[in-house]
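[1] Pasting the sequence and the predicted model now:
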Amino acid sequence: MKRRITRAGCAFVILLTAFPAAAAHAQIPKADKTPYAAPSDQALMVFTRPRQRQASEVTFRVVTHAGRCLARLDNDSQMAAALWPGTHMLMVVTGSAPPTIQLLQAKVSAGRTYVVELRPRVNVKSPVKISVVRRGDQPLEAFPSAIRDRIATKHDLRKCTEWVSWKRPKIEPRAERAKYTWDEEASDEHRDAHSVRRNDGWLATEIYGP
């Protein structure tokens, strides 16, 4: 068991030290007219945080294992980020003293757009409710118009990545613990609910029409 814990921990520690390289790729260019259409060779992840009547001041940061910040979400905001096809374990980082780490697994395919909704929760160990918006759960498998019609929020993600680098000593041990919990303690239901599957995404023609 100790060997498994060490391997999981090292994966997080080693990858989280790659901040300088990650910062150079923090900004993902997108076409203005089709901000939510995935590139043909990459997947696109849309992270949306709906407006809350009682706005929370807590910022959500979605971060890769390499320390690249994919999205910085405040109340009523939405951002999109490109990922290479394959399996990714992403971290949703909240707070700072100390930060809270929640995991989201994404198995994505090129040319598809995936949607994840993040909502704040109060007085719980997991302050973010992570919900995968699945194609199969939508009426006629249509891309949600509420997501498509929202304007993407603009943030300087280089600064977000720098913040993650600065908080690395506090993030690393909590990332290790979160990964161990995911591998050894989380139920299959929990992992499934917090996993994006390849078929959960939409093609560009299905988002905007032919």
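    Structure received.

[2] all contacts plus neighbour counts: C-alpha atoms, from now on.
    OK.

[3] Look at Ala81 and say how many residues are nearby.
    When neighbours are counted by other C-alpha atoms under 10 Å, Ala81 registers 23.

[4] and if you look at the one 10 residues further on?
    Counted by other C-alpha under 10 Å, the residues lying close to Met91 total 25.

[5] what bridges to it?
    Beta-bridge partners for Met91, by DSSP bridges, are Val63, Leu103.

[6] how close does the residue nearest in space to the middle of the chain sit to Lys167?
    Computing the C-alpha centroid of the chain and ranking residues by C-alpha atoms, centre = their mean puts Val62 first, at 4.4 Å. Distance, Val62 to Lys167, by C-alpha to C-alpha, to the nearest Å: 14 Å.

[7] Equivalent analysis for Ala204, please.
    Ala204 is 36 Å from Lys167, by C-alpha to C-alpha.

[8] Neighbour count for those two, which is higher?
    Taking other C-alpha under 10 Å, Ala204 and Lys167 do not tie; Ala204 has more neighbours (19 against 15).

[9] how close does that one get to Tyr36?
    In terms of C-alpha to C-alpha, Ala204 sits 8 Å off from Tyr36.

[10] Show me where the protein has its strands.
    For the chain, the strands defined by DSSP state E cover 43-49, 60-63, 69-73, 77-83, 86-94, 100-108, 112-120, 128-133, 195-196, 202-203.

[11] which other helices and strands contact the second one?
    Taking 3 or more C-alpha pairs under 8 Å, 6 or more residues apart in numbering; DSSP states H and E as contact, the helices and strands that strand 60-63 lies on are strand 69-73, strand 86-94.

[12] need those strands in JSON lines with distance to Thr48 and mean pLDDT, can you?
    JSON lines is the format used below for those (distance: least, C-alpha to C-alpha, whole Å; pLDDT from 0 to 100):
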{"stretch": "strand 69-73", "distance to Thr48": "8", "mean pLDDT": "97"}
{"stretch": "strand 86-94", "distance to Thr48": "13", "mean pLDDT": "98"}
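
[13] And Asn123, what's its pLDDT?
    Note for Asn123: predicted pLDDT of 78.

[14] Number of residues surrounding it?
    Neighbour tally, Asn123, other C-alpha under 10 Å: 6.

[15] Same check on Ala110?
    20.

[16] List the contacts of it.
    Contacts for Ala110 (C-alpha atoms under 8 Å, 6 or more residues apart in numbering) come out as Ala38, Pro39, Ser40, Asp41, Gln42, Ala43, Trp84, Pro85.
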